[in-house]
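Enquirer: sequence first, then the predicted structure:
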Amino acid sequence: MADEERKLYITKAWVVIIFIYYSIIFLVGAWFSFDILFKAENECVNIFKSALIGSVSIALTAASIAYIRKLYKLCFRYTSLQEEDDQLFLKRTGTIVYFCTRPIFSVAFSLLVVATLRSALLMSSSTENELEAGFIYICMITSFYVGFLSGEFIKKLEEKGSSKFKEIL
């Protein structure tokens with residue numbers, strides 16, 4: 001099925017409800033992800049429980065990003081079975097959500113950067129890892145690029161993720 005033939009089969013009210021639903025999922029997932037990252041260095045933390053909560057919360061965040069993106073693309077790229085005014089509403093809504101969510105997506109990508117860099121440090125050293133100022137700088141520099149190029153980052157995540165899953169399956 002070509003992209004030009006894709007249609008959105010839901011009303012404008014449902015589009016708004018779904019955007020709100022995924023926004024709530026994003027906020028909850030991001031909140032718990034931040035919480036786990038802040039508590040990860042605490043010696044009193046239950047590692048398995050933190051890993052489980054952190055994994056679920058970052059997965060919720062990632063899924064909400066993917067489906068918000070999918071829905072706003074459908075809104076402004078594809079036609080709907082609605083009346084002309086409703087189609088215009090959906091295109092406007094998709095465009096607004098596109099521009100409003102990109103900075104928010106960058107927050108989640110930044111979480112991924114920090115967690116990745118921290119895990120790389122932990123895996124590469126056999127001694128106790130005391131973080132230094134350099135860690136802050138590398139996280140901030142990398143997060144700047146991830147935020148600035150969030151659209152490209154999403155595309156690369158899709159490409160790499162799809163190819164990795166094809167290798168596994």
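Expert: Nice, I can see it. Numbers count the residues shown, from 1 in each chain.
Enquirer: just the element for the residue lying closest to Leu71 once chain neighbours are set aside, please.
Expert: Spatially, and ignoring its direct neighbours in sequence, Leu71 is nearest to Ile18 (6.0 Å; C-beta to C-beta, 6 or more residues apart in numbering). To be clear about C-beta, it is placed using only N, CA and C from the backbone, and glycine gets the same treatment. Per DSSP states H and E, Ile18 falls inside helix 12-39.
Enquirer: mind giving me the packing neighbours of that helix?
Expert: When contacts are defined as 3 or more C-beta pairs under 8 Å, 6 or more residues apart in numbering; DSSP states H and E, helix 12-39 sits against helix 47-77, helix 84-124.
Enquirer: could you export these as TSV, including mean neighbour count, distance to Trp31 and mean pLDDT?
Expert: Shown next, in TSV, are the helices and strands packed on helix 12-39 (neighbours: other C-beta atoms under 10 Å; distance: least, C-beta to C-beta, whole Å; pLDDT from 0 to 100):
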stretch	mean neighbour count	distance to Trp31	mean pLDDT
helix 47-77	17	8	83
helix 84-124	16	11	83
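Enquirer: save the ones you listed as TSV, and put in distance to Phe144 too.
Expert: Formatted as TSV, the helices and strands packed on helix 12-39 follow (distance: least, C-beta to C-beta, whole Å):
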stretch	distance to Phe144
helix 47-77	19
helix 84-124	9
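Enquirer: distance of Pro103 from Ala13?
Expert: Pro103 is 26 Å from Ala13, where distance means C-beta to C-beta, to the nearest Å.
Enquirer: er, Asn46 actually
Expert: 43 Å.
Enquirer: spatially nearest residue to Ser106 (excluding sequence neighbours)?
Expert: Gly147 (3.6 Å).
Enquirer: wait, Phe89 touches Lys12, no?
Expert: Yes. The pair Phe89 / Lys12 is scored as a contact, 4.9 Å apart, by C-beta atoms under 8 Å.
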